[in-house]
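pasting the sequence and the predicted model now:
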Amino acid sequence: MWKLCVHEGADESQLLILGRDFTDTIYPICRITADFTYWLIHDLFGYHNYNIDGLLIYFDNSLKMKIVWGCTGVKQMLLFTFIIVCYFGPWKKKLYFIPISLLILASINIFRLVITSFVIKDGFPEWFIPVNESMKGLTWDGSPKMYWEFYRDWYYFFHDGIFKWVYYDGVMFLLWLYWHEKFNLPYQKNKLETQKGLEI
């Protein structure tokens with residue numbers, strides 16, 4: 001249903017729902033996400049070389065991260081809500097399990113942005129050069145252009161690779177598994193025993 005109804009731009013900065021552009025509508029959430037990430041790193045952690053410029057957050061002389069629709073965690077929260085609403089289990093417990101799970105997902109998303117900011121703070125490590133050469137079929141020549149290309153690849157290695165897997169296949173899966181084991185299975189067992197009792 002999501003794939004049929006929702007379309008995102010190539011860099012997940014545009015949000016189209018049933019053909020209508022909702023990019024401007026989601027802007028305040030992008031801004032809140034950028035501001036909160038900035039506040040954590042700059043104000044709370046005390047890194048005064050961390051900057052914000054609209055939706056761009058970055059350390060001095062580092063790659064800039066733009067907080068777009070795909071970075072807000074809203075998509076994952078909507079998908080998870082849909083999964084739990086449609087999944088088996090007691091409705092009354094869904095009423096508090098879903099909000100708690102959304103709070104966890106929102107926190108993990110901010111944590112992901114903070115970690116990504118620190119990962120790309122000082123460029124990329126030397127060991128990444130042969131790794132990226134083999135992954136992308138590139139040959140490192142030491143030029144500034146190649147440096148920034150590898151730098152962007154280092155960012156995407158975490159943003160689109162490791163952290164996406166951790167978020168979807170880690171946190172979301174574990175929350176669903178907790179729901180299934182802790183709430184759904186006892187509920188189904190109790191329901192089955194009640195039905196058997198009625199039959200007797």
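Looks like it arrived, so ask away.

endpoints of stretch 173-182, how far apart?
Start and end residues of stretch 173-182 are separated by 14 Å (C-alpha to C-alpha, to the nearest Å).

any idea of the mean pLDDT in that stretch?
Throughout stretch 173-182, pLDDT has a mean value of 95.

which residues touch it?
Identification of contacts with stretch 173-182 by C-beta atoms under 8 Å, 6 or more residues apart in numbering yields 80, 83, 84, 87, 89, 97, 101, 104, 105. To be clear about C-beta, it is placed using only N, CA and C from the backbone, and glycine gets the same treatment.

now the residues you listed as TSV including distance to residue 74 and neighbour count?
TSV is the format used below for those (distance: C-beta to C-beta, whole Å; neighbours: other C-beta atoms under 10 Å):
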residue	distance to residue 74	neighbour count
80	11	22
83	15	15
84	16	22
87	20	13
89	24	19
97	19	18
101	14	22
104	15	16
105	10	20
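
mind listing which of those are in helices?
The helices, defined by DSSP state H, take in 80, 83, 84, 97, 101, 104, 105 from those.

quick check: nearest residue in space to the last one, chain neighbours excluded?
If I follow you right, that is residue 105. In space, residue 105 comes closest to residue 77 once its chain neighbours are excluded; the distance is 5.2 Å by C-beta to C-beta, 6 or more residues apart in numbering.

the one you found and residue 30: what is the separation?
To residue 30, residue 77 is 14 Å away according to C-beta to C-beta, to the nearest Å.

between those two, who's got more neighbours?
residue 30 (22 against 19; other C-beta atoms under 10 Å).

can you show me the CA trace of whichever strand or helix holds the more buried one as CSV?
Applying DSSP states H and E as the criterion places residue 30 in helix 23-38. Written as CSV, here are the backbone C-alpha positions of helix 23-38 (Å, rounded to 0.1, in the frame of the first residue of the first chain):
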residue,chain,number,x,y,z
THR,A,23,6.9,18.3,0.9
ASP,A,24,6.1,21.8,2.4
THR,A,25,3.8,20.1,4.9
ILE,A,26,6.6,17.9,6.2
TYR,A,27,9.1,20.8,6.4
PRO,A,28,8.4,21.7,10.0
ILE,A,29,9.1,18.1,11.1
CYS,A,30,12.4,18.2,9.1
ARG,A,31,13.3,21.5,10.8
ILE,A,32,12.4,20.1,14.3
THR,A,33,14.6,17.1,13.7
ALA,A,34,17.5,19.2,12.5
ASP,A,35,17.1,21.7,15.4
PHE,A,36,17.0,18.9,18.0
THR,A,37,20.0,17.1,16.6
TYR,A,38,21.9,20.4,16.5
